[in-house]
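[1] Using only what follows, build the 3D model:
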Amino acid sequence: MNGPHTQPRKTERDLFLEALERPTPEERAAFLDVACAHDPALHAAVKALLQNHRQDDFLESPAIAAPKPSASRSDRSDTVTVAVIGEKPGDRVGHYRLLQQIGEGGVGVVFMAEQEEPVRRRVALKVLKPGLDTRSVIARFEAERQALALMDHPNIAKVLDAGSTPAGRPFFVMELVRGIRITDYCDQNRLSTRERLALFIQVCHAIQHAHQKGIIHRDIKPSNILVTLHDGVPVPKVIDFGIAKALDQRLTDKTFFTEFQAFIGTPAYISPEQAEMSGLDVDTRSDIYSLGVLLYEMLTGRTPFDARELLSSGLDGLRRTIREREPSPPSTRFRTLPDAERTVTAQRQQAEPARLASLLRGDLDWIVLKALEKDRTRRYATANDLAQDIRRYLDNEPILARPPSAAYRFQKLVRRNKLAFAGAGAFAAALVLGLAFSTWQYLEKSAAYQRAADAEREQALLRRQAEEARQAAEAQALAARRRAYAADMNLVQQALAANNLGRAQELLNRHCPGGESQVPNLKSEIPPDLRGWEWRYLWQQCRSDALFTLCQLTNEIVALSISPDGRWVAVGEYGNRGISIWDLRARQEISRFPAGEGGELLAFSPAAPWLAFYVPNRPAAPGARGAGGRVRIWDAASRRVVQELQLNRPCQGLAFSPDGARLLTAGGNTEFSLWDVAAGTNISTVTVPEPGGARGRPLFGGRVAVTPDFRLAAQAIGDGYIRVVDLESARELWTAPAAEEDVTTLAFSPDGRRLASGAGFVESTIRLWDVATGRELARLEGHRTYVRHLLFWPDGETLASASGDQTIHLWDLSGLTDAPPWIGRGGGPDPTGARDSLRPRPGRPRVPELRPASTLRGHRLEVWSLALGPDRTTLVSGCKDGSVLVWDTATPRQGRSFATLPAAVRAWRLAPDGQSILAVDTQGRVARWHGVDFQQSQTLLELGRSPASAQFSPDGRHMATASFEGPIQIWDLQTGAILRELDPGEGREAPVTFLGSVNHLVTQGGKGGHFRVWDVASGHEVRRWQMPGLGPTAKSVLSPDGQWGLALAEDGSGVLHHLPDGREYRFAFPLRQVNAVAFSPDGRWFAAVSTLGVGQVWETATARPRATLGGFLQGAHSVAFSPDGRRLAIGSNGNEAVKLWDVESLQELLTLPGRGSLFNAAAFSPDGSILAASNSEGLLHVWRAPTLEEIARSEAGGG
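    Residues are numbered from 1 along each chain as shown. As a prediction, this is how the structure comes out:
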């Protein structure tokens, strides 16, 4: 079976005609070997046809009789005969009489002909062979004629005329060139090398003329360049443009193109790009290569690659040789010729073999090899450049084929001025030869050594400077990234404070791998990940409060409604771009109405799964306003439209009665219509009066509301006013100003006693009104921008508001009472509509203000619509970005910021895995706290009373306690038993820390203020050191690796003690009232904080300050490094319970609020997921940040 790329099998005639296009027998044989490789019978048949067809090169052989070719072969029982009848001497073709056949090519026959009129002269007439009148052959024939006609150069055969024979075959007439191959002429006339080069220059000029006419010859070879004599002067003529190609014009109107992978040209002379047979187009530099081959043959008698070897290697081997094998320089090729051939070749150039080899070596080698470059961009750009370089060689000038060094230029200068330099050289040599030669070597060697040394030093300096510049640039870029990161973390906190989750998430995502801030540094492709504990903590704060995202549509969600059984949600898209119905339980779309079929107004019946939605009529003309429309009733159970109500006016609001039997539509500005849903008939229509004054017409859409019993309607009527009308009497009850700019939404409570109005866009106040009196009952403050939608709970005690600030507020109205009566002037609704009625006035009681009971965050753009499920807890919201979220209002999100332990603690430590906390409370109870937010406890030990101080071992298995008097006790927390008691002697000592896991305990105290290391297992003192002069109030700490001890006194003196060798470094510490000190995990830095509200970071090895950290409103009381040493936490007070800093950039990253004051202890969990701090009252705060792995899993799962 043929594959998709299998070529159709060619016939004998096709192969015969293609073979005839090859100019030489060798090329035809090679073509047949490739084309018929798998069909010996076909190979033999075509070969027989070729043997019976006379072959000759174009314009090369003397005239012979016209052939009468015929071929036949017997295949099975059939016999096929091919007969070719063409012109013959004596025939007339136009004004020309054929005299004799003088040549024959692959597609044409050339005759010597005599032109009889208008002038008599001998010409060459080329006519297409009979039987070869295929479309491609005719196109190539006419292309050759057109190519020759375009050119006018003394070294190119001229076209004189053209036409068609009586048989319809094309012919053209050119000047008769009586000449022989250029190589044969050079050899027969024994032209010297310089004469050959001069002749070759004329050929270059002819090819340059063709290129300037936009013609590429593509078949330059000796047989296509004939040399004739004009007045005894040899003149080369370029002929046979049979496969020429135009660069920027069409040579013929016939269909003519070189087929993909068609092999064009003579193998020994084609360029690598011709042999490639790929998509690379052939340009004029292909002819440059062929000129290089011709010049190679004129100088050495051989082509760079032997033609017989090329043909014997097959098509693939031939192409590979031309593309990949580098030719030998002409001088090398000449030296490797057999002795007899080398001698004959030299004699043909009137030179001895050694002399000819010397002539070829050097410049001629460079010229020829430059023309033969495999990469065409490295060849001569034009034929004229090649000719000029040869002319430079003949004139003993520097050539361009190799870089002209100073010595090379001097060599050429000497050759041009041999006599002058010979005399001057002899004279100079006689005078200074002895001295110059003796000193030259010394100076040259010294200078070379000095130059080498200087160059090496310069290179080393440049390398060092480059490396320093690179490192400085990388450091600056990284520092800039760290500053930008810190700024973004602070902006995230501001965005969260404004409930702008979209902005907060955008800022966080900048610093994810692959984010816009992740610009690679100069050396590494992967920039460092700057994210730390604060990023992970803020990521958690940016999580949505919603249960899940129901869908993500492409348009704004302008309307939502839930079926009475809570199963289906109808979602309307802005601009009537369609309605989709979703299964709330399966979270799948079950039906959709396309764009133009509604979207702005929809509502589910409270009693049946019927959805009413408005479909406006299409306008009669573009830009015209539609008149009326239809309200369709769609049954969600059967999923079909069961009723359709025709409206004469556009609808701007609709609502079902509580029993679902009636539907109210609002339209035509002041028109309210009541419909029987089952019958589809209009029950009544009420037209209310236009609003008085200059307040404009009522604003419908989301700014009209009706009571459930359809008795009253509220309207926004422009200029920030609202009014309430009685639909039974069509009477306006009251009007009041409700917004500084505009009223954006209205909603009645289910009992119809209260009305809520939302304001925009310069304000965000929600106002509650007494429907009966028009009095303002309360103002709801909490949104940061306009309110888009209001929704009452069925009991009327909860109100939900959707806002452009991306949040949903829930308001508790259960404690709201009716407002007191109006006092003073203006004791009723403002009849004048004066704008100052919104401002407080003397005699008017202050309207109470309410704050939201809870806030739902999760949307990333403005929240436009709300719907409440029948369970009164499921809330659905629609956003401007097309997202629909589902919320559980009964269980608000817990632990948004921090958790606190239920008991006041004296001492505590986070477990290594971050899953529990060991703590001693103020009653002396030792417990392990675990579970969500560490609210569950397991009692490990009852001490009876709280110890004076306590320390837990790093593995959480032991505890050391000290009382105001008595020994230090070490407890086994697994058994509750005392493992060891340590006698401190005189004075009280306190445990400082465990070294390692539990092997050694460090204590501080005694009369001399000494430090001691105890072996816990034996109870013996291992070592002791003192820091005299520090006093009992000094703050001390040991580095986590046990290498350094640090103590800071209140007077500003400090001591660094290197524990392994006992060395001490005393220094002045500028901070006063130091509260706490801490080492980084690697001991490189230490930090101290002061009651003065500042902290300092110092380098341990040099005891030098690095930076001062400020920005605290009150004092700083505790300090801790993160386990990776990248973050520094400082405890303070209240809303600044803990501040977090980047240790590298020393930029403030995060502020964590808390409760209480004097956060005097802070620590990270060993796994880096928890930051904890306790205040002076023993209230332990816990802030948790998920790991990056947990974040990745959550985002992969859509969390």
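
[2] if I look at residue 184, how far off is residue 298?
    With distances taken as C-beta to C-beta, to the nearest Å, residue 184 is found 11 Å from residue 298. Every residue, glycine included, has its C-beta placed from N, CA and C.

[3] oh sorry, the question was meant for residue 313
    For residue 313, the distance to residue 298 - C-beta to C-beta - is 25 Å.

[4] And these two? Which one has more around it.
    A count of neighbours by other C-beta atoms under 10 Å puts residue 298 above the other of residue 313 and residue 298, at 23 against 16.

[5] now the nearest residue to residue 195 once chain neighbours are set aside, what's its secondary structure?
    Leaving aside its sequence neighbours, residue 195 sits nearest to residue 186 (C-beta to C-beta, 6 or more residues apart in numbering; 7.8 Å). Assigned with DSSP: H, G, I helix; E, B strand; the rest coil, residue 186 falls in the helix class.

[6] OK, contacts around residue 186?
    By C-beta atoms under 8 Å, 6 or more residues apart in numbering, the contact list for residue 186 reads 195-196, 199, 298, 348.

[7] Pop out the phi and psi values for residue 649.
    Main-chain torsions, residue 649, degrees, to the nearest 10: phi -130, psi 160.

[8] Bridged to residue 674, which residues?
    With DSSP bridges as the criterion, residue 674 is bridged to residue 664, residue 684.

[9] since we're on the closest residue in space to residue 541 that isn't next to it in sequence, how many residues are nearby?
    Closest residue to residue 541 apart from its sequence neighbours, by C-beta to C-beta, 6+ apart: residue 496 at 5.7 Å. By the criterion of other C-beta under 10 Å, residue 496 has 18 neighbours.

[10] repeat for residue 1061
    Quick note: residue 1061 (other C-beta under 10 Å) scores 6 neighbours.

[11] what do you get for residue 965?
    A count of nearby residues for residue 965, using other C-beta under 10 Å, gives 7.

[12] so it sits right up against residue 986, yeah?
    No - using C-beta atoms under 8 Å, residue 965 is not in contact with residue 986, being 11.4 Å away.

[13] Could you pick out the longest helix of the chain?
    What stands out as the longest helix in the chain, according to DSSP state H, is helix 418-497.

[14] Show me what it packs onto, helices and strands only.
    helix 501-509, helix 533-541, strand 1136-1142, strand 1148-1152 (3 or more C-beta pairs under 8 Å, 6 or more residues apart in numbering; DSSP states H and E).

[15] Could you pull out the helices in the stretch 551-700 of the chain for me?
    Applying DSSP state H, counting those that start in this stretch to the stretch 551-700 of the chain gives no helices.

[16] residue ranges with poor pLDDT in it?
    For the stretch 551-700 of the chain, applying pLDDT under 70 flags the ranges 620-626, 668-669, 692-700.

[17] Would you map the strands across it?
    For the stretch 551-700 of the chain, applying DSSP state E, counting those that start in this stretch gives strands covering 557-562, 568-573, 579-583, 588-593, 602-604, 610-616, 629-635, 640-647, 651-656, 662-667, 671-676, 681-687, 699-706.

[18] Parallel or antiparallel, which strands does the fifth one pair with?
    Strand 602-604 sits in its sheet next to strand 610-616 (antiparallel), going by DSSP bridges.

[19] Off-centre distance for the strand it pairs with?
    In terms of C-alpha atoms, centre = their mean, to the nearest Å, the centre of strand 610-616 is found 44 Å from the chain centre.

[20] List the contacts of it.
    With C-beta under 8 Å, 6+ apart as the test, strand 610-616 has contacts from 561, 563, 570, 572, 576, 579, 581, 593, 596-605, 626, 628-636, 642, 647, 650-651, 654, 656, 660, 663, 665, 677.

[21] Report the buried members of these.
    The neighbour count (16 or more other C-beta atoms under 10 Å) marks 561, 563, 570, 572, 576, 579, 581, 593, 597-605, 629-634, 636, 647, 650-651, 654, 656, 660, 663, 665, 677 as buried among the contacts of strand 610-616.

[22] Show me where the stretch 151-300 of the chain has its strands.
    159-164, 170-175, 180-181, 215-216, 225-230, 233-238, 245-246.

[23] Can you add mean neighbour count and mean pLDDT and give these back as a markdown table?
    As requested, the strands of the stretch 151-300 of the chain are exported to a markdown table (neighbours: other C-beta atoms under 10 Å; pLDDT from 0 to 100):
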| stretch | mean neighbour count | mean pLDDT |
| --- | --- | --- |
| strand 159-164 | 17 | 85 |
| strand 170-175 | 22 | 88 |
| strand 180-181 | 19 | 92 |
| strand 215-216 | 24 | 88 |
| strand 225-230 | 18 | 92 |
| strand 233-238 | 19 | 93 |
| strand 245-246 | 19 | 53 |
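
[24] Nearest to residue 103, out of the ones you listed?
    strand 225-230 (10.8 Å; C-beta to C-beta).

[25] Sheet partners, orientation included, of that closest one?
    For strand 225-230, pairing defined by DSSP bridges yields strand 180-181 (antiparallel), strand 233-238 (antiparallel).

[26] Columns distance to residue 1163 on top of those strands, output as JSON lines?
    Output for those, formatted as JSON lines (distance: least, C-beta to C-beta, whole Å):
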{"stretch": "strand 180-181", "distance to residue 1163": "97"}
{"stretch": "strand 233-238", "distance to residue 1163": "92"}
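
[27] mind checking which of those strands is nearest residue 914?
    Between residue 914 and the strands paired with strand 225-230, the tightest spacing by C-beta to C-beta is seen for strand 233-238, at 88.0 Å.
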